[in-house]
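Participant: Take a look and give me a structure for this.
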Amino acid sequence: MFIGILYLLLTFLFCFILVHVVKLAFIGASSLKKPPEPQEKPTPKPEPVYYIVEKKRTKKSYSNPKEIEFK
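Facilitator: Next comes the predicted model:
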């Protein structure tokens, strides 16, 4: 009974150490890579303009849509 618990703890400890060694190795390997060159700042896109067309009744002609800007 005692030997089974000992093997269980040793297996857990081995797996725990192995997982952390692999994680640290991955972090170390990624730190050796050359850092990416800074990219140019993209120009900001203009804010979208939404047009709302109101329809109250059936008409033969409609006025131009109203321009609404959200800020």
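
Participant: For Ile52, give me its contacts.
Facilitator: Pro65, Lys66, Ile68 (CB atoms under 8 Å, 6 or more residues apart in numbering). Where C-beta positions appear, they are placed from N, C-alpha and C, glycine not excepted.

Participant: What residues are bridge-paired with the second one?
Facilitator: By that I understand Lys66. Listed by DSSP bridges, the beta-bridge partners for Lys66 are Ile52.

Participant: and it, how many neighbours?
Facilitator: Look at Lys66: counted by other CB atoms under 10 Å, it has 10 neighbours.

Participant: ok, back up a step: what's the closest of the contacts of Ile52 to Leu24?
Facilitator: Ile68 (55.3 Å; CB to CB).

Participant: Ramachandran coordinates for the residue nearest to the closest one when sequence neighbours are not counted?
Facilitator: With CB to CB, 6 or more residues apart in numbering as the measure, Tyr50 is the residue that lies nearest to Ile68, at 5.5 Å, once sequence neighbours are left out. Note on Tyr50: its backbone torsions stand at phi -100, psi 130 [degrees, to the nearest 10].

Participant: Next, count neighbours for Tyr50.
Facilitator: Applying the criterion other CB under 10 Å, we find 11 residues in the vicinity of Tyr50.

Participant: Double-check it against Phe70; I have them as touching.
Facilitator: Yes - using CB atoms under 8 Å, Tyr50 and Phe70 qualify as a contacting pair, with a distance of 7.1 Å.

Participant: Find residues that contact each of those two.
Facilitator: In the contact map built from CB under 8 Å, 6+ apart, no residue is linked to both Tyr50 and Phe70.
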